[in-house]
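J.: Give me a model of this one.
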Amino acid sequence: MTQALFARDALLPEGWTRDVLLRWSAAGDLTAVQAGVVPGADVPVAAGPVLAGMPNLHSHAFQRGMAGLTEYRGEAQDSFWSWRTLMYRFAQRIAPEQLEAIAFGLYVDMLEAGYTSVCEFHYLHHDAGGRPYADDATLSHALLRAARAAGIGITLLPVLYQRGGFGDQAPGEGQRRFIRSTESMLALLQALRPACEAQGARLGVAPHSLRAVPPQALADLLRGLDAFDATAPIHIHIAEQLKEVQDCLAWSGQRPVAWLLDHAPVDARWCLVHATHMDDAEYARACASGAVAGLCPSTEANLGDGLFDLPRWLAGQGRFGIGSDSHVCVDAAEELMLLEYGQRLATRQRNVAAMPGRAHVASALWQACVGGGAQAAARPVGGLVPGQRADLLVLDATHRALADLAPEQMLAAHLFASDRTRAVDAVWVGGLPQVVRGRHARRDEASRGFVAARRQLIED
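T.: Below you'll find the predicted structure:
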């Protein structure tokens with residue numbers, strides 16, 4: 001089995017580097033990254049610049065099955081909240097085998113789009129009536145099997161969901177498949193540990209949001225998680241919508257991020273998903289906590305959430321990464337393009353995400369989101385350095401948008417000039433080739449299963 005790759009150009013932590021030899025172990029961990037070398041005759045040469053694979057830090061796999069199906073106005077004021085009602089109706093229909101087929105198709109799409117790992121924020125737990133399956137982990141296992149079949153790395157984040165809104169609001173009919181006690185969540189983690197360890201998956205937890213998890217349940221969950229694994233990642237939806245901020249103020253007298261920082265030990269284990277609506281003090285405190293901001297530009301645009309203030313976050317040296325969330329877009333390059341373009345529209349400036357020492361926006365964004373995504377995933381997928389996983393992305397230097405350009409220009413063209421055609425040649429995960437010449441070996445099988453599952457759900 002090939003355990004080496006030569007790159008004429010590679011994006012290393014210190015920047016673009018020439019003539020790089022990458023070596024990895026049989027277990028899929030990088031053992032050497034050497035620059036300025038001449039490759040041996042037996043070492044394959046990458047077809048273009050080599051980058052670290054992109055972690056996708058926020059995914060609701062089942063929602064891929066409804067992507068594109070809510071783009072019509074059903075109410076006078078169409079918003080996140082009316083979309084959520086449609087999403088609940090869709091979620092009620094999904095059986096375990098359909099979830100697995102949708103997730104398998106999605107994860108193959110992710111790999112072809114440059115994602116090499118995924119954080120699955122998984123809150124679809126029970127059957128359509130809200131009753132636990134005989135095996136309480138049935139739907140979690142469906143996601144793990146889908147990730148294994150596709151060959152993508154996964155951080156599984158079972159979601160605690162108990163309330164329909166801030167305070168003691170009872171959950172609604174559409175939320176019945178999500179609800180579980182704190183004790184049953186901790187028991188689920190114990191049950192999932194062997195399967196996760198067997199395939200190299202990371203296991204964490206996700207209190208869904210402050211509106212869905214009461215304060216005592218949050219405290220009990222975090223205490224139980226520390227006893228289970230004191231290093232496990234913690235993800236939470238927060239401050240996504242203005243209504244959520246207003247409801248939190250009415251409930252507690254504080255904005256959501258401020259309340260969380262005052263009542264939970266937020267640190268580098270945490271991923272604050274969206275965090276769209278923060279004031280100056282919240283931005284400063286959240287940056288200082290070490291938490292990752294989980295930004296999902298295509299979904300945030302699709303749902304009308306608003307724009308994260310990236311310049312303010314960068315000024316505080318905050319960590320961030322990207323996710324495809326509801327999967328209306330499954331493309332790492334396009335997600336980064338939307339992130340930068342949203343900032344340009346808000347600030348009326350260009351190249352907003354350029355950073356000190358990193359004038360090229362595409363390279364700066366890629367590096368930052370690989371690092372932030374790896375932190376959120378709590379997996380060693382943070383770049384092309386020894387000790388990290390051999391998760392690699394190779395750009396196609398012959399693609400018409402990239403041909404004859406310098407490597408930093410090729411990446412910029414991949415993000416900003418590829419006319420919606422992908423310039424990904426190959427993707428390796430843990431040292432195994434999952435995408436070759438732009439195509440996953442199981443693409444056709446995954447596509448057939450996805451289409452069949454979606455057709456059945458729509459008919460039902």
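J.: State the pLDDT value of Leu295.
T.: Note on Leu295: pLDDT of 98.
J.: same question, Ala76
T.: Ala76 is given a pLDDT of 69.
J.: likewise Gly382?
T.: Note on Gly382: pLDDT of 98.
J.: ok so it is a strand residue?
T.: No - secondary structure of Gly382 (DSSP: H, G, I helix; E, B strand; the rest coil): coil, not part of a strand.
J.: Let me know how buried it is, in neighbour terms.
T.: Counted with other C-beta atoms under 10 Å, residues neighbouring Gly382 total 21. (Each C-beta comes from the backbone N, C-alpha and C, glycine too.)
J.: list the contacts for it?
T.: Each residue near Gly382 by C-beta atoms under 8 Å, 6 or more residues apart in numbering is listed here: Ala52, Val370, Gly371, Ala374, Gln375, Gln388.
J.: tell me the two of these that are most distant?
T.: Greatest spatial distance among the contacts of Gly382 (C-beta to C-beta): Ala52 and Gln375, at 13.3 Å.
J.: the more surrounded of the two?
T.: Using other C-beta under 10 Å as the criterion, Ala52 and Gln375 rank with Ala52 on top: 29 against 24.
J.: Surely that one and Gly373 touch.
T.: No - under the criterion of C-beta atoms under 8 Å, Ala52 is not in contact with Gly373, lying 9.6 Å apart.
J.: what do these two both touch?
T.: Counting by C-beta under 8 Å, 6+ apart, the contacts common to Ala52 and Gly373 are Val381.
J.: Show me where the protein has its helices.
T.: Applying DSSP state H to the chain gives helices spanning 80-91, 96-112, 138-150, 182-198, 215-228, 242-252, 256-263, 280-289, 297-302, 310-315, 332-347, 361-377, 407-416, 443-459.
J.: so what does the third one touch, helix or strand wise?
T.: When contacts are defined as 3 or more C-beta pairs under 8 Å, 6 or more residues apart in numbering; DSSP states H and E, helix 138-150 sits against helix 96-112, strand 115-122, strand 153-160, helix 182-198.
J.: May I see the ones you listed arranged in TSV, with mean neighbour count as well?
T.: Formatted as TSV, these follow (neighbours: other C-beta atoms under 10 Å):
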stretch	mean neighbour count
helix 96-112	25
strand 115-122	28
strand 153-160	26
helix 182-198	16
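J.: export these to a markdown table and tack on mean pLDDT and distance to Ala7?
T.: Formatted as a markdown table, those follow (pLDDT from 0 to 100; distance: least, C-beta to C-beta, whole Å):
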| stretch | mean pLDDT | distance to Ala7 |
| --- | --- | --- |
| helix 96-112 | 98 | 19 |
| strand 115-122 | 98 | 16 |
| strand 153-160 | 98 | 21 |
| helix 182-198 | 98 | 32 |
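J.: which one of the ones you listed lies closest to Ala146?
T.: Taking the helices and strands packed on helix 138-150 one by one with C-beta to C-beta, helix 96-112 is closest: 3.6 Å.
J.: Give me the angle between that closest one and helix 80-91.
T.: Here helix 96-112 runs at an angle of 120 degrees relative to helix 80-91 (axes from the mean of the first three to the mean of the last three C-alpha atoms, to 10 degrees).
J.: residues contacting Ala268?
T.: Ser289, Gly290, Ala291, Val292, Arg319, Gln375.
J.: hmm, I was thinking of Thr347
T.: Here Thr347 is in contact with Pro311 (criterion: C-beta under 8 Å, 6+ apart).
J.: do Ile234 as well
T.: Counting by C-beta under 8 Å, 6+ apart, Ile234 has contacts Gly204, Val205, Ala206, Pro207, Leu222, Leu225, Arg269, Trp270, Cys271.
J.: per-residue confidence for the fourth one?
T.: If you check Pro207, the pLDDT there is 98.
J.: Show me what it bridges to in the sheet.
T.: Beta-bridge partners of Pro207, counted by DSSP bridges, are Leu160.
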